[in-house]
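**Student:** The following block contains a protein sequence and its predicted model.
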Amino acid sequence: MAAAAAHRNNKRRRFSPAPGPTSATAPPLDSLADELLFLVLDRVAAADPRALKSFALASRACHAAESRHRRLLRPLRADLIPAALARYPSASRLDLSLCARVPDAALAAAPSGSSLRAVDLSRSWGFGAAGLAALAGACPDLADLDLSNGVHLGDAAAAEVARMRTLQRLSLSRCKPLTDMGLGCVAVGCPDLRELSLKWCLGLTDLGLHLLALKCKKLTSLDLSYTMITKESFLAIMKLPNLQVLPLVGCIGIDDDALGSLDKECSKSLQVLNMSHCQNVTDVGVSSMVKSTPNLLELDLSYCCPQVTPSMGRSLQTITKLRILKLEGCKFMADGLKAIGSSCVSIRELSLSKCSGVTDTELSFAVSKLKNLLKLDITCCRSITDVSVAAITSSCTSLISLRMESCSHVSSGALQLIGKNCSHLEELDLTDSDLDDEGLKALAGCSNLSSLKIGICLRISDEGLTHIGKSCPKLGDIDLYRCGGISDDGVIQIAQGSPMLESINLSYCTEITDRSLMSLSKCTKLNTLEIRGCPRVSSAGLSEIAMGCRLLSKLDIKKCFEINDVGMLYLSQFSHSLRQINLSYCSVTDIGLLSLSSICGLQNMTIVHLAGITPNGLTAALMVCGGLTKVKLHEAFKSMMPPHMLKNVEARGCIFQWINKPFKVEVEPCDVWKQQSQDVLVR
Amino acid sequence: MDHSQNHIHDQSAANLCYQFGSDNPFLGMGIQQPFAPFTSPFGACSSTNIPHMDWDPATMLDNLTFIEEKIHQVKNVIRTMVDNGSQLPCRPGELGQQQQVVNADLTCLIVQLISTAGSLLPSLKNSSFLSHPPAGHTGIVKHVGSSSSFVPNELCSPEDYEELFKGFTDGAMEGGIEIDNVLVEELDAKDGDEGGDAGMDGEILPPGSYELLQLEKDEILAPHTHFCTICGKGFKRDANLRMHMRGHGDEYKSPAALAKPPRDTSAEHEVVKRYSCPFVDCKRNKLHKNFQPLKTILCVKNHYKRSHCEKSYTCSRCHTKKFSVMADLKTHEKHCGRNKWLCSCGTSFSRKDKLFAHVALFQGHTPALPTEAKTSSDQIGAVGSHQEPAKLPNSMGSSFMWGTSSGGNSALDIKGFDGCSDDFLSTVNFGSFNFSFGPADGFTGEPSGGSFPMMPSEHFQNAQKKGKN
């Protein structure tokens, strides 16, 4: 209201210098150079994205300045594109990820000669070659186009893309109808391409890829994951002079033969190679391949080599600059890990998650050689014990990331070593471990900790969390999933000690009450809140969150039985950033749902087993909420809702998922649940 | 008695050798004086002019008399066999020989019966349905014709009823299997021909170092080279004949009977065989001054068809290219009208890799999409005038496949077929066929099964002709 009043005032005094909201301290805007003004606006936007809106409403000059300043447009609906482009003529990026359906007409409405350089259509559908043709005509300078997930886009669309001569970055991921013809058009039409993603383009063959390698010599990044590339074009692509990044995930056509055929003529520019899930590659192929790629910085061989042999480990020695090595899901032969430890002394990141054959002796030997390791992932290496942890903590003291979820043989005593020795840790995952309060107390030394995942650690309590809260001010993400031993006091300590908190998971912490939520509402950056299965929280707590955490975008309140329409009313009033909500088992009725649907950015809703929801209310909510992309409903509603309504909602870009789970209210205690899940694992 | 029996035996043996014993008539000719049958009293008549019976009481009487005599002869032979069997043990080989003789005679009788019965039926007047190669046919006809006069049937060429007969026998006896065989046969023929030609042109055999054979036109154009000694059905491959023979009794099911007949060991040591084209003034004719012999029978067949026959197979896509060898048409049809790979410069390619090689070579050229369906005809027309969108490609293809032996007069063929199909389909008329082909063939008097596979394609062809008119 105040801003609107100021706006009216400014209208009256048209020719006087316009004082903005900050006019008390800032000189009149007219005297400021745009550069300086933009610097100010950058800061304002960084502090609170919504402040720019207030600024623009302050005066005509502010409005004009804000119009000139904004570079990124993210409209909520496709029909706003022309208006948005008209108001922000200098916008360079158009992000349509909130518009589920973008018809050709919306793209055609873009004014010609637009300064747009980047358009993101990755989450949209409904457009085709005609819309892209209009876009190509309107935006002569377009350099970045994201058409990912265009499962309906084929050669005709690619031919239109080929008219965008200045394109440098293009993503055609999952454009499954695309064939060599379309790719040929793009390859010839966009010679300046630097980055191209052809992931999941199953229609492509070697012919098209070969032509691409011939025509687009400037490519630095080429994503060929899950394509049918084989030896025929692989060689040509490896000879691209500037290629640096080459993901080849899941390329079944790449085998030892193809890797072995690489010769010395290969371009030496390649830095990042991802061959994960290439089923037909073995250690032999990798050994022969590394000879041709001596400048690699990053190598991903996850789920690729069936066996990691010592000879393959030694062959990695030729890549002297290797920084990142990922070997997830590999099977290590005896001495394989040792060979890697002694060969890859330069690596900073090592991932061994879900590997088999990782033993205490091998891992201890390897980490003793890799003293400079910064990141280590040993998730689900179930055979390692305290010995390994002791070796890791004593050798790799500069670790900033350690992930060891489900290393169940490590004792709480050994876990204390982590906090004591690795004080640089920023990211720690100890989910499903034997961690106790002593371990948390030791972690108090890690003052840089920003992400802490300690779900399913049944032994921790408020006391441990107090240590964390007091000593980890940078904490942004904490996962306390099924930590049955904690209560409000612990959460309050975290909330008070970590003002930067963005994401917290308190699911199934059954002792949590509204007090926790009230304290969390002081964390203004909070965007993700998961309090699933906390039966003691109510609408009062949620309303505090809604008012305090205005950036909240993901909310899971499944099985919070006390939360009712009041909570929804607050959410609809304050949480305009909300994108995703799970309401199952809540006491929300049609009224709450309808008010919730006024949040126009809402994309994802899960509404299962709500006693107070009627088919009519649901239909009304779905019709109002235009931006929905995914809705999970109980199967029973499928027959109760008018089919043409469902069709209408689907036509706007929403996908329905019909759930048929039994109604189950009671929640097992955390220890029972853990026992059950471990029983499943043993079986 | 003894004398007469010998006489019968001789006659039958000659008959057998000439008419049915021709598992590989061409090979046979090489070994046993190929042209002898033409000079023998049984086969003196030229096979090009095949007489046909028409309804004539005198002729019919003659025919019946002949049949009667023949039956008597066979009866005598069998009686002798019975007597011999009871008096002194006969050698097994001799017995087998006699059985073969009887078989051959019976077959001759059956064929004769069919032809006679066929001429009796007024609806079948204009179509004959005996399936025999010209050589074999003349043999029978000669028997009959010794005491009768023939009225040539100008409406029916040999190929004509050949085709008709094929329709019956294929459908009834083999189901659809024969189709595949035909295809395989033609592909083989083509391959063999190519290989043979290439090999032969490089090879220089001094004249006289090989045995030179020259087949006559009718032998070259005969659709079948292997014939069943029991029912007379013709086959292109002896393997197919052996498969067919299984239906005639258990003695043909033994591994020995089903095995590939071993190459004549003496034949290997013989001189190399080469073939001459019967067409005078052809370079492949032995009288030509730069004579180059043909290497195999397949070469002869394909050469003769390609060089000296009418090109009767027209491409159903472009309607301009004509071929006399079915395999050539199919090779062409695989690519004709498929120049769907277009470049932005207007060039079109039949193969995608050729287009991409072209695009890779020239700066600025880009693959052109085959365009939206609505403008496809315009586009293609603009790019290449010789291309036309394929109309009913399958129907044409299948009709050609069926009409392999029908030659150029497919229209006639259709007419004949359509005209008599109703009568053919009635079981009354078919009773005689049923009998004559024997139950062992699995021919159960179900003519619709025989004609069915042929009908749709012919109808398509008709429809297309109407459309064109």
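**Tutor:** Ah, there it is.
**Student:** ok, which residues in chain A are in contact with chain B?
**Tutor:** A:155-156, A:159, A:162, A:180-182, A:184-185, A:188-189, A:207-208, A:210-211, A:214-215 (Cβ under 8 Å from any Cβ of the partner chain). Where you see a C-beta, it was placed from the backbone N, CA and C, and this is true even at glycine.
**Student:** Please produce a PyMOL select command covering the buried subset of those residues.
**Tutor:** Applying 16 or more other Cβ atoms under 10 Å in any protein chain shown to the residues of chain A next to chain B leaves a buried subset, and the PyMOL line that selects it is:
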select buried, chain A and resi 155+156+159+162+180+181+182+184+185+188+189+207+208+210+211+214+215
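**Student:** Go through the residues of chain A next to chain B and flag which are in helices.
**Tutor:** Among these, the subset assigned to helices under DSSP state H consists of A:155-156, A:159, A:180-182, A:184-185, A:188-189, A:207-208, A:210-211, A:214-215.
**Student:** Now the two most distant members of those.
**Tutor:** Farthest pair in those (Cβ to Cβ) is A:A156 and A:L214. Separation: 23.1 Å.
**Student:** where in the chain is pLDDT low?
**Tutor:** No chain was given, so I picked chain A. Low-confidence segments of chain A, defined by pLDDT under 70: A:1-30, A:682-683.
**Student:** I was thinking of chain B, sorry if that wasn't clear
**Tutor:** Checking chain B against pLDDT under 70 turns up B:1-56, B:85-96, B:118-204, B:263-270, B:337-339, B:371-469.
**Student:** domains for it, by residue range?
**Tutor:** Domain assignment for chain B, taken from the TED database, gives B:210-258+B:270-334, B:339-369.
**Student:** of all the ones you listed, which lies closest to chain A?
**Tutor:** Distance to chain A, taken as Cβ to the nearest Cβ, is lowest for domain B:339-369 among the domains of chain B, at 3.8 Å.
**Student:** Test my guess that A:R194 contacts A:L240.
**Tutor:** No. Between A:R194 and A:L240 there is no contact under Cβ atoms under 8 Å: 11.2 Å.
**Student:** For the two, indicate the residue with more neighbours.
**Tutor:** Each of A:R194 and A:L240 has its neighbours counted (other Cβ atoms under 10 Å in any protein chain shown); A:L240 has more, 22 against 19.
**Student:** Skip ahead from whichever strand or helix holds B:I71 and say which helix or strand is next.
**Tutor:** Using DSSP states H and E, B:I71 sits within helix B:57-87. Beyond helix B:57-87 on the C-terminal side, the first helix or strand identified by DSSP H and E is helix B:92-120.
**Student:** where along the stretch 251-400 of chain B do the helices fall?
**Tutor:** B:255-258, B:265-269, B:297-308, B:326-335, B:352-361, B:376-383, B:393-402 (DSSP state H, counting those that start in this stretch).
**Student:** Would you mind confirming that A:L178 is in contact with A:S171?
**Tutor:** No. Using Cβ under 8 Å, A:L178 makes no contact with A:S171, being 11.8 Å away.
**Student:** Who has more neighbours out of those two?
**Tutor:** Neighbour count, other Cβ under 10 Å: between A:L178 and A:S171, A:L178 has more, with 25 against 22.
**Student:** before we move on, what SS does the more buried one have?
**Tutor:** coil (DSSP: H, G, I helix; E, B strand; the rest coil).
**Student:** For it, which non-adjacent residue is closest in space?
**Tutor:** A:C201 (5.0 Å; Cβ to Cβ, 6 or more residues apart in numbering or on different chains).
**Student:** gap between the one you found and chain B?
**Tutor:** 15 Å (Cβ to the nearest Cβ, to the nearest Å).
**Student:** So what's the residue count around that residue?
**Tutor:** A:C201, neighbours per other Cβ under 10 Å, totals 27.
**Student:** How is the residue in the stretch 451-600 of chain A positioned nearest to chain B assigned, secondary-structure-wise?
**Tutor:** Nearest residue of the stretch 451-600 of chain A to chain B, counting by Cβ to the nearest Cβ: A:C600, 36.9 Å away. Under three-state DSSP, A:C600 falls in the coil class.
**Student:** swap in A:V680?
**Tutor:** On the basis of three-state DSSP, A:V680 is classed as helix.
**Student:** contacting residues for it?
**Tutor:** Contacts here follow Cβ atoms under 8 Å, 6 or more residues apart in numbering or on different chains; on that basis A:V680 touches nothing.
**Student:** And for A:A236?
**Tutor:** Taking Cβ under 8 Å, 6+ apart as the test, what A:A236 contacts is A:209-210, A:213-214.
**Student:** surely B:I71 meets B:L109?
**Tutor:** Yes. Counting by Cβ under 8 Å, B:I71 does reach B:L109; the two are 6.7 Å apart.
**Student:** Can you get me a residue count around residue 80?
**Tutor:** All of this refers to chain A. Neighbours around A:L80, by other Cβ under 10 Å: 15.
**Student:** Oops, wrong one, chain B.
**Tutor:** By other Cβ under 10 Å, neighbour count at B:T80 equals 17.
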